[in-house]
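>>> generate a structure from the sequence data that follows.
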Amino acid sequence: MRKLFVLAALLLAAAITLPQNAVSAPVNGPKVPGPKYTYKLKSVFPVAGRQGVACDGKFIYVSGSKALYKYDMDGKLVKQNNNPFEGYPIASNHIGDIDVFNGEIYVSAENFMDGVGKDIQIAVHDAETLKLKRSFAFEPKSGQEEVSGITVDPVKKTVWMCSWVGEESGRYLYEYDINGKYLRKIHLQPVPQWVQGVYWVNGDLFVTADDGTADDNEPDHVYRVEVSSATNAPVVLEKTLDEAIKQGEIEGLCQDPVTGDLMVLMNRGTRIVLGMGKGFYPGYDKEISEVYRYSMEPRGPHKPAPRR
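Numbering: from 1, shown residues only. Take a look at the predicted model:
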């Protein structure tokens, strides 16, 4: 009887402590093991910028390394800012992927040269004028060494950043509150190679990875990250970008909140070495940047949820 009592007490203690340990326990696997959506290419249109894309349903915003552009929904350029770094408290020379939320463009900015980034900051621009409104410095204690993309979680009102640099920095996604306070980082498992952009989709984070070798005409990929309160998150292959006119370099991504379409920015023609353009491939004398628009249809019970 005493043994049974002790066994029951141990089982009760385990049941009480299990939820506390579950928060930081290793992630065993994704809830949805394969892609959540099926994709069909609808259109491809050229843009001036090569880094990121965002959409609020009325306009499409595109970032170049040193410029911001605003297009109408038909792909006509209506505004541009060729000096986006004006007013930045920390000098920058590079913009990565962007996002738009509540009439503001969230910009991932830094100083970048030959694969090395520094002076990371979150810059917030007015979506109407494309001019700077405010900025936040990143938290060095996070371990982030470079920023390639940014997105806003419209439900939690938080900001996520990703890092292109490999090794330690590129293993994580970094979360801040909407006012720039650092909250945490999550460990990607497995880690995609050369993450270029990040975007919130119905509770998940989609990331683009420049993991195909353009010299061998290998496609790049979009991955889905199942984010929770855990310190790590399972990563699932969501889409192979094999429809590219010519394989090159994948960059940022977003979703059209009206149609639910996925939009991915891709570059072709330029040979990229350590994140920098080093000449052109045969048949090209300039780089071509294009936005690929895909319909997104849910697999099974999942429903596409344009976020705003």
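>>> give me the neighbour count for Lys278.
Around Lys278 there are 9 other residues, counting by other C-beta atoms under 10 Å. Placement of C-beta: from N, CA and C, glycine included.
>>> over to Gly49?
25.
>>> hang on, it packs against Lys66?
No. Contact criterion C-beta atoms under 8 Å: Gly49 and Lys66 do not qualify, at 9.4 Å.
>>> pLDDT below threshold where in the chain?
By pLDDT under 70, the weakly predicted segments of the chain are 1-28, 114-115, 166, 275, 301-308.
>>> all helices of it, in order?
2-22 (DSSP state H).
>>> look up how far Phe206 lies from the closest residue to Ile250 other than its chain neighbours.
Excluding the flanking residues, the one nearest Ile250 by C-beta to C-beta, 6 or more residues apart in numbering is Asp220, at 3.7 Å. Relative to Phe206, Asp220 is positioned 13 Å away (C-beta to C-beta, to the nearest Å).
>>> residue contacts, the residue positioned nearest the centre of the chain?
For the chain, the residue nearest the mean C-alpha position is Val198 (0.8 Å; C-alpha atoms, centre = their mean). Listed by C-beta atoms under 8 Å, 6 or more residues apart in numbering, the contact partners of Val198 are Asp97, Gly149, Ile150, Thr151, Trp160, Met161, Cys162, Leu173, Leu205, Phe206, Val207, Thr208.
>>> pretty sure the first one is touching Trp160, no?
Which is Asp97. No. Counting by C-beta under 8 Å, Asp97 stays clear of Trp160, with 10.8 Å between them.
>>> shared neighbours of the two, anything?
Shared contacts of Asp97 and Trp160, counting by C-beta under 8 Å, 6+ apart, come down to Ile150, Thr151, Val198.
>>> report the beta-bridge partners for the first one.
For Ile150, the beta-bridge partners are Met161 (DSSP bridges).
>>> can you get me a residue count around it?
Ile150, neighbours per other C-beta under 10 Å, totals 29.
>>> if I read this right, it contacts Tyr106, doesn't it?
Yes. At 5.1 Å, Ile150 and Tyr106 qualify as touching, with contact defined as C-beta under 8 Å.
>>> shared neighbours, these two?
Here Ile150 and Tyr106 have Ile98, Asp99, Ile122, Val159 as joint contacts, going by C-beta under 8 Å, 6+ apart.
>>> which ones among those lie within strands?
Residues of these located in strands (DSSP state E): Ile98, Asp99, Ile122, Val159.
>>> just put the residues you listed in a markdown table and tack on neighbour count and distance to Ser169.
Below are these laid out as a markdown table (neighbours: other C-beta atoms under 10 Å; distance: C-beta to C-beta, whole Å):
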| residue | neighbour count | distance to Ser169 |
| --- | --- | --- |
| Ile98 | 27 | 20 |
| Asp99 | 30 | 20 |
| Ile122 | 21 | 16 |
| Val159 | 26 | 17 |
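>>> which of these sits closest to Gly283?
Ile98 (30.0 Å; C-beta to C-beta).
>>> quick revisit: closest one of the shared contacts of Ile150 and Tyr106 to Tyr281?
For the shared contacts of Ile150 and Tyr106, the nearest to Tyr281 is Ile98 (26.6 Å; C-beta to C-beta).
>>> and the closest one, what does it touch?
By C-beta under 8 Å, 6+ apart, the neighbours of Ile98 are 51-54, 61, 63, 68, 105-108, 149-150, 252.
>>> could you measure from it over to Tyr172?
When Ile98 is compared with Tyr172 (using C-beta to C-beta), they lie 20 Å apart.
>>> now Pro84
From Pro84 to Tyr172 the distance is 26 Å (C-beta to C-beta).
>>> what about the closest residue to Asp210 other than its chain neighbours, distance to Glu218?
The shortest distance from Asp210 to any non-neighbouring residue, by C-beta to C-beta, 6+ apart, is to Trp194 (4.1 Å). Going from Trp194 to Glu218 by C-beta to C-beta gives 12 Å.
>>> quick one: Cys55 and Gln255 touch, right?
Yes. In this structure Cys55 lies within contact range of Gln255 using C-beta under 8 Å: 7.2 Å.
>>> list the residues that contact both of those two?
Met263.
>>> list the contacts for the closest residue to Lys286 other than its chain neighbours?
Closest residue to Lys286 apart from its sequence neighbours, by C-beta to C-beta, 6+ apart: Gly269 at 6.4 Å. Counting by C-beta under 8 Å, 6+ apart, Gly269 makes contact with Lys246, Gly248, Phe280, Tyr281, Tyr284, Lys286, Glu287, Ile288.
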